[in-house]
Structure formats: structure tokens, C-alpha cells
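Trainee: Whatever this is, show me its structure:
(6 chains)
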There are 4 protein chains.
Amino acid sequence: MSEQKTPTKREIQAEERREQLLQAALDLFSKRGWDGTSIKELADTVGVAPGLIYHYFESKEDLLTKVIERYGFIPELRRVLIPSSEKPTQEVLPEIARAFYDLLEEKGRVICIFVREGLVKEELHHRWVAMTNEACKLLANYLDARVEAGELRPHNTEVTARMILHTVVMLHLVNAPPDRLKDLVEIVMNGIAQRETENCR
Amino acid sequence: MSEQKTPTKREIQAEERREQLLQAALDLFSKRGWDGTSIKELADTVGVAPGLIYHYFESKEDLLTKVIERYGFIPELRRVLIPSSEKPTQEVLPEIARAFYDLLEEKGRVICIFVREGLVKEELHHRWVAMTNEACKLLANYLDARVEAGELRPHNTEVTARMILHTVVMLHLVNAPPDRLKDLVEIVMNGIAQRETENCR
Amino acid sequence: MSEQKTPTKREIQAEERREQLLQAALDLFSKRGWDGTSIKELADTVGVAPGLIYHYFESKEDLLTKVIERYGFIPELRRVLIPSSEKPTQEVLPEIARAFYDLLEEKGRVICIFVREGLVKEELHHRWVAMTNEACKLLANYLDARVEAGELRPHNTEVTARMILHTVVMLHLVNAPPDRLKDLVEIVMNGIAQRETENCR
Amino acid sequence: MSEQKTPTKREIQAEERREQLLQAALDLFSKRGWDGTSIKELADTVGVAPGLIYHYFESKEDLLTKVIERYGFIPELRRVLIPSSEKPTQEVLPEIARAFYDLLEEKGRVICIFVREGLVKEELHHRWVAMTNEACKLLANYLDARVEAGELRPHNTEVTARMILHTVVMLHLVNAPPDRLKDLVEIVMNGIAQRETENCR
DNA sequence: CATGAATGAGAGTTCATTCAT
DNA sequence: TATGAATGAACTCTCATTCAT
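Mentor: Down below sits the predicted model:
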């Protein structure tokens, strides 16, 4: 029943075409927006007849959903944001910042689409918020572990998580070079206040 | 020529109508997006004929520009982000965070439009980046002054500025309640690392 | 408030255009059917742009409804089928048959549309059945009056009404010449059985 | 050549498939109309690929023709409408009315299609008219025989035939229950006029 | 015999925009 | 200033039909 049927050559080709369409849609949607992209434009890009798109997707709306699902990155997000709880923050945070930055780089186009359409479509907005929340929660969990381990002082770790992740996102959106990341981590770790540590000397 | 003529009644009415149209456009554009809003919809909302809109604005594109200009908030941004350089950070930063958060609250609709269309229209994107850069620069300037005053330790103030502002933006986009703001400031000030200060005792 | 505003010239022209569109739609729908008629075809017939049709009607479906309403003929039906109850059948029935036949002639096109689309659209089917029922009822009422007056023998007048009206309809659908109508009336009146009346002489 | 080859298993299967397609087409065409039914819909209903339909039928148009031919009912019509000329009208007419009514019941779907498409396609219209004419002629022939036999008085038998058949058709279209049929026959036989027969007593 | 990917024409509909009134 | 009839291009989507597999 549930045995993995070897797909026929035709099925493979069909799958390739679907992939091709999703890829082109990802490209165009991120460049011109979803409303700004016409089915004909997409068809021309791929080099097929407009009608064919409706063989693979129910509607333009459906295509948007499928693009977001196909190029979503929740698994990657989890991989990046679940570090070993034992590793010290000094080592982990720069890695996370960088890995997250790179993930944004790679997933920039879906994110564009996600943000843009999320501003207008209720359901996508919900998904977007849910995703950011999960991301923050994951990082906060790690930070909590480090607090427990005595490396970090007790504090509102969720805000810290947001601070790190959101800043990385914004740095990325603004095309800031990734070398700022280590400053970011350093500031988060040590704060910006002049320490009265000197005084004790 | 440029003398301030007392506007005639007709001119006043015209100005009111323009205002009315801009207001409705702001509303609709932020709710449904620019492409998602039709001229007829706008006309119906205001209760005028579609043709009339073209007496006040050159095109739908022009209308978008005018909305962004009319409801832009660079002056408010400056007011909020240029505190007295002498006031201590402890006092100023919470105020800034809160004022900035409230500004976003008030200007939420233009920002939606700005972000959404900025993702697709080159020119708006530039304006958006320029604005965020200026905002960060302003805050960084204040921080620099406090470093000079010895209140803050020397560090990459621009990153700090981004961290604060971006996080506030994101907290707002995610509808997080404003009570997180004071945690934010506290963390930025003191960092999250466990201090070895104790040791000097 | 409810005073009859003299319509402006523009309003008159608009009304003429609407009429023109309905007329053309009646023509085309009856000739090619509703699905068989394209909006472009209709527009070309009238000599306007396709888009204009949607200025006057909500959709192609709406246009169908409006055509049927505009060219419906329930009032005429009533006029034709409510004869003076005092007049004798011999005089009235031929008149009715003829007037009804002529009405069909004049309203042939709506009827075509009505029948055709009624076979496929629930709601139109209901309206059609209701109309035929009313027509039969009206004629049956008259016949009842004549039974009461002693001119006709007691019988199922509703069946007689149906017999007359339906036969006229069918004769018309089949393009039978109207001279058959008097035979029809004669048969209904006297039946076809050989009378044994002669015998009593 | 024309010898009756025992059909191979494949041929039998093919025939079954053709039958299956015709059956489904009959169903769908009568429910949604010919234009309202898509090849894909038909294919889905039967559970085959759209392309297969073109192995069995030349085109959608051809399919319509084949449906009408396959489910036509001229033979049944003849069987029903050619009673023994010797049998008396009193016995035969009720039988005919009922048998004809039942035939309509059974053949309702083809008739729907026939009527609907006949209103729009010249050729089908001709066939429809021809069929009704033949039916009327057949019944008229029987009536003529009964006139000759002295059971019926001389009259325009063709009109009587139309009257009976058309009324039955219409009763059927309007979903009137079949108990009206005997009233119909009775009226046709005896007329509705008050007889002066009494007088001769 | 059977599939379903692919086509391309054309469907209904929307919409920014113009312009006579 | 204001109207809304009119345009025409572009849009999404459907569908009969073909054909390589």
C-alpha cells in the first residue's frame, strides 16, 4: 500500500515542471510582489502556456501558498536556533547570529513575499507572527539554560532573544554588512553602561 | 507672487477634499495594499465620482507618493530622537523607546504602506532605508555624546541604536505590549552576562 | 422627496444605452443561448467596449435576469387571460386562443430564453412553473364562471385550461399556422365523440 | 465483412466504456446543459482521463449527437402510438396518454437535452419538430380510423392528436401528477359544452 | 486502450484613465 | 468643482483538443 512507488519518467518530469514554476514564482513574487506578477509573465518566464499553470495549481492564490510552503524554512530555523545547552554563550551567540544572518540571506526572497503579503492577508500574517514567536522562544530557551548554568544573570530572556533576532533581521533588510554582528553580541553580553568595576580596584 | 493670499472658500473646500482623499487612501492602502485598492473603491469610500480623483492627483502612483509624503513622520522622528545630550541615558532611553513605540502606533498605517511598497518599488525602498539610517544616526549621536560624558563605555553606538530601534519596531509589528520596553532598555544598559563585579569585593 | 425628477439629458442617454444592451442581449440570448453568447459579441453588436456592459450590469448572470424581467409578460398575460366572466365561451375562447398565440409570437424570444435556461437554472425553472400555473389558473377561473352560468358542464376546468394553453404554446413552438386555433376551440367545446344526440330525434 | 464476428473481450470492454460515457454525458448534459458540461467534468465522473473521450467520440459536438441518437426514443414512440385500429377510443386513449406520460418520465433527460439544444442548433430543432410531427401523425392516423369506424365524429384529428400529446408533455414538464390524464381524455371525448341532449327526452 | 501534460484561444471581468457634460 | 459614461488593455481562469508516452 504505502510502498514507495518508483515514479515514472513522466511523473518526474511533471515534478520538475512544478518545481520550475515554484522557483520562477518565488523569483517574480519577491521582485514585483504577488499582485504585481501576472500569470502570463510567469508562464513566459518558464516558457509555457499560461493555462498550464492551472494544471499544477488551483489558482494564483494557491500558487502563493505553495511557494511559501515550499520555500519556508522552519526546519532550518530550528536547526540554527537549537544549540547545545552546554556550550557557552560567548561561543554560541556569534554562531547563531551569523547562521541566522546567512539563513536570511538564503531565504531573503520568501521573506520578502511573506512580509509583503502578510501585511495584507490575515492568514499569512498569523503564520508570520507564529514563526517569529517560535524563533524567539527557541533562542530564549537556550538563554534560560545558560542562566541556569550560571553563565548569564537572570533576566527577561525573551526580550533578549527578540533583540538579537530582530536586529539581525533589520540589519539584513537594510543590507548592513555582517561584521556588525559581533558588536551586536558583545553589546548584548556586556551592556553599554560604564561599569563601576573600576572602582573596586 | 508668493505672498500668502487668504484662500478663497473654494480653495478651502478643495483642500478639504484633497485631505479627505488622502486620508481614505491611507486607510485603504494600508488595509488592502496599493494594488489591492481600486480607484473606484476609493471614490466610493469618500463618496465622490472616480473621475474627481484625477483632478487632485495625477495618477494612482502619484496618489501613493502624496500619501507617503503627507503622512510621513520624519519631523516627529527627529523630535523624538534628538534628546538633550546632557540628560542621562537612564532617563532618556526609556522615554525614547516609549515615544518611538507610540510614534509607530500612530503612524502604523503609513509604515505598512511604506514597507509593503518599499519591497517592490526601488525609489520607496531607498527612502525607507534613508529614513531608518537617519533615525539610527540620530540616536547614535546622542549615545556618542553620553560616551563622551563618561556615562557609557566606548562602543559601536550605531549598532546599539539599531538594536533599540529595530527591536521596538519588531515588538510593535508583532503587537507585543509596551511593557517589554523597560526590559529592553535595562538589558541594553547592563548586558546579560553574569558580572564578575562581585569578585572585587 | 418622491417627486418625479426630470431626468437630465445624460440620464436619458444612459437609459437608452441600457435599453439598447437589453435589446441586443434578448436577441443574442434567444438566438445562441445564454452560454453561447459572449460579452464581446454583445458589445460588438451594440458597438461599445466590452467593459461598458459591466457599468450597466453586475455580471452576465445579472444581465440574464434583467432581460427576463424587462421582457417578461405577466401583465400582458393577465390582460389576455382575464376576460369578462359574462361573455359566452363561444365568443371568448377563440379570442383568448388567438390573443395568447399572438402574445407568444411577440414574446417568443424571452420565452426561448426562459425555457432554455429554466432547464438548467433552478430559480428560473421555478419562475417558469409559477408563471404557467398562474396562467392556467386565470383561464380556469373564467371557465369556472361559465360552468356556474350553466354554459359549460361541470368538469376539471384546470385541465381544460392547460389543454388550451399548452396546445397553443406547442402549436406555436412548432410554427403551426394559427388557423388551427379555431379547430382547437371547437374540439374542446364539443369533444370528438360521436354524439348520440341524433338518436333522440 | 459484415458477418457477425463474436466480439473480442477488448471490444466488449470498449463497448462498455462507450456506454458508460454516453450514460454519464446524458446525465450531465441534462443537468447542466451541453455548454455547461466540460469534458474534464465528464471524464472525472466516469473516472478516466479527458483524452480518452476523444478515442470514442470525435468532438464534444459529436458526443451530443451520439447521446441523442443512443437515447432517442422513436421506436418506443411508435410502439406507444400505434394501437390496434379496431380497439375503441375509450379504451385506447387512456392507455396511450398513460404510456406516453411514462415514456416522457423515462426519457426525461434526453428530452431536456433535445429541447434545450434544439432551441439553439438548427439541425436538432428540425429533428425535434420532425419527431413531434411524426408522433402527432401516428395518433391522428388512429383517430382517423376511429372516425371511419363511426366511433368518432369527423373533425381535424391532427389538432386532437396535438392537443392530447402536447398537454401530456406539458403536464409532465410541470410535474403534474398523472391522475389528470383521465380528465384530459374525458374532456377530449365529450367536450366541455353543456349538452342539449336532455332536451330530446 | 489509456494517460495527463501541454496548448492556445477565448471567456468573464476589472480597472486606471479620459472627457464631454 | 464634479460627474459618470466610455474605453481598451490586461487580468485570471476555463476548456476543447492534441499527442507523446
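Trainee: who touches stretch A:85-100?
Mentor: A:80-81, A:83-84, A:139, A:142-143, A:145-146, A:149, A:151-152, A:164-165, A:168, A:178, A:181-182, A:184-185, A:188-189, B:193 (CB atoms under 8 Å, 6 or more residues apart in numbering or on different chains). All C-beta atoms are positioned from the backbone trio N, CA, C, and that covers glycine.
Trainee: May I ask you to name the longest helix in chain A?
Mentor: As assigned by DSSP state H, the longest helix anywhere in chain A is helix A:89-118.
Trainee: can you tell if that one touches DNA strand F?
Mentor: No: shown here: helix A:89-118 not in contact with DNA strand F (CB under 7 Å from any atom of the strand), separated by at least 13.6 Å.
Trainee: coming back round to it: buried subset of the contacts of stretch A:85-100 as a PyMOL selection?
Mentor: The PyMOL selection below is limited to those of these classed as buried (16 or more other CB atoms under 10 Å in any protein chain shown):
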select buried, (chain A and resi 80+81+83+139+142+143+145+146+151+152+164+165+168+181+184+185+188) or (chain B and resi 193)
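Trainee: In helices only, show me the contacts of stretch A:85-100.
Mentor: Using DSSP H, the contacts of stretch A:85-100 in helices are A:80-81, A:139, A:142-143, A:145-146, A:164-165, A:168, A:181-182, A:184-185, A:188-189.
Trainee: Please list the residues of chain A that sit near DNA strand F.
Mentor: Contact residues, chain A versus DNA strand F (CB under 7 Å from any atom of the strand): A:9-10, A:37-41, A:50-51, A:54, A:59-61.
Trainee: Pick out whichever of these sits closest to residue B:128.
Mentor: Comparing the residues of chain A next to DNA strand F against residue B:128 with CB to CB places residue A:37 closest, at 21.3 Å.
Trainee: which element is the closest residue to the closest one other than its chain neighbours on?
Mentor: Spatially, and ignoring its direct neighbours in sequence, residue A:37 is nearest to residue A:28 (4.3 Å; CB to CB, 6 or more residues apart in numbering or on different chains). Assessed by DSSP states H and E, residue A:28 sits inside helix A:9-32.
Trainee: can you list contacts of that helix?
Mentor: A:7, A:37, A:41-42, A:45-46, A:48, A:52-53, A:56-57, A:63-64, A:66-67, A:70-71, A:108-110, A:112-113, B:120.
Trainee: Just the buried residues from these, in ChimeraX please.
Mentor: Here is the ChimeraX command that picks out the buried ones among those, judged by 16+ other CB under 10 Å:
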select /A:37,42,45,46,48,53,56,57,63,64,66,67,71,109,110,112,113 /B:120
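Trainee: could you pick out which of the contacts of helix A:9-32 are near DNA strand E?
Mentor: Applying CB under 7 Å from any atom of the strand to the contacts of helix A:9-32, one finds that A:48, A:52 fall near DNA strand E.
Trainee: close to chain D, is stretch A:54-65?
Mentor: No: judged by CB under 8 Å from any CB of the partner chain, stretch A:54-65 stays clear of chain D, getting no closer than 10.7 Å.
Trainee: pull the CA atoms of that stretch into PDB?
Mentor: In PDB, the C-alpha atoms belonging to stretch A:54-65 read as follows (Å, rounded to 0.1, in the frame of the first residue of the first chain):
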ATOM      1  CA  TYR A  54      -3.700  25.900 -13.700                       C
ATOM      2  CA  HIS A  55      -2.800  22.300 -14.300                       C
ATOM      3  CA  TYR A  56      -0.400  22.500 -11.400                       C
ATOM      4  CA  PHE A  57      -2.000  25.000  -9.100                       C
ATOM      5  CA  GLU A  58      -5.600  25.700  -8.400                       C
ATOM      6  CA  SER A  59      -5.300  29.500  -8.600                       C
ATOM      7  CA  LYS A  60      -2.900  32.300  -8.300                       C
ATOM      8  CA  GLU A  61      -3.600  32.400  -4.600                       C
ATOM      9  CA  ASP A  62      -2.900  28.800  -4.200                       C
ATOM     10  CA  LEU A  63       0.400  29.300  -6.000                       C
ATOM     11  CA  LEU A  64       1.300  31.900  -3.400                       C
ATOM     12  CA  THR A  65       0.600  29.500  -0.600                       C
END
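Trainee: Quick one: mean pLDDT over that stretch.
Mentor: Stretch A:54-65 carries an average pLDDT of 97.
Trainee: Next: stretch A:117-133.
Mentor: 92.
Trainee: mind listing what's buried in it?
Mentor: So, applying 16+ other CB under 10 Å, buried residues of stretch A:117-133: A:117, A:118, A:119, A:120, A:121, A:124, A:125, A:127, A:128, A:131, A:132.
Trainee: which other residues reach that stretch?
Mentor: Around stretch A:117-133, the neighbours that count as contacts under CB under 8 Å, 6+ apart are A:34, A:64, A:68, A:74, A:77, A:114-115, A:165, B:31-33, B:36, B:112, B:115-116, B:170, B:174-175.
Trainee: Residue A:88: neighbour count?
Mentor: Residue A:88 has 11 neighbours, counted by other CB atoms under 10 Å in any protein chain shown.
Trainee: what separates it from residue A:98, distance-wise?
Mentor: 16 Å (CB to CB, to the nearest Å).
Trainee: from the buried residues of stretch A:117-133, which is closest to DNA strand E?
Mentor: residue A:120 (13.4 Å; CB to the nearest atom of the strand).
Trainee: so is that closest one in a helix, a strand, or just coil?
Mentor: coil (DSSP: H, G, I helix; E, B strand; the rest coil).
Trainee: What are the phi and psi values at it?
Mentor: phi -130, psi -20 (degrees, to the nearest 10).
Trainee: And for residue A:33?
Mentor: According to degrees, to the nearest 10, residue A:33 has phi 80, psi 160.
Trainee: Go ahead and confirm it touches residue B:35.
Mentor: Yes: if you go by CB atoms under 8 Å, residue A:33 and residue B:35 touch, sitting 7.0 Å apart.
Trainee: Which one of these two is surrounded by more residues?
Mentor: With other CB under 10 Å as the criterion, residue A:33 and residue B:35 differ in neighbour count, and residue A:33 comes out ahead with 22 against 17.
Trainee: The closest residue to DNA strand E within chain A is in what secondary structure piece?
Mentor: Nearest residue of chain A to DNA strand E (CB to the nearest atom of the strand) works out as residue A:51 at 2.2 Å. Residue A:51 is part of helix A:50-56 when elements are defined by DSSP H and E.
Trainee: Give me the helices and strands touching that helix, please.
Mentor: helix A:9-32, helix A:39-46 (3 or more CB pairs under 8 Å, 6 or more residues apart in numbering or on different chains; DSSP states H and E).
Trainee: Kindly reformat those as JSON lines containing distance to residue D:160.
Mentor: Listed next are the helices and strands packed on helix A:50-56 as JSON lines, based on distance: least, CB to CB, whole Å:
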{"stretch": "helix A:9-32", "distance to residue D:160": "65"}
{"stretch": "helix A:39-46", "distance to residue D:160": "62"}
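Trainee: Turn the ones you listed into CSV, including mean pLDDT.
Mentor: Shown next, in CSV, are the helices and strands packed on helix A:50-56 (pLDDT from 0 to 100):
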stretch, mean pLDDT
helix A:9-32, 95
helix A:39-46, 97
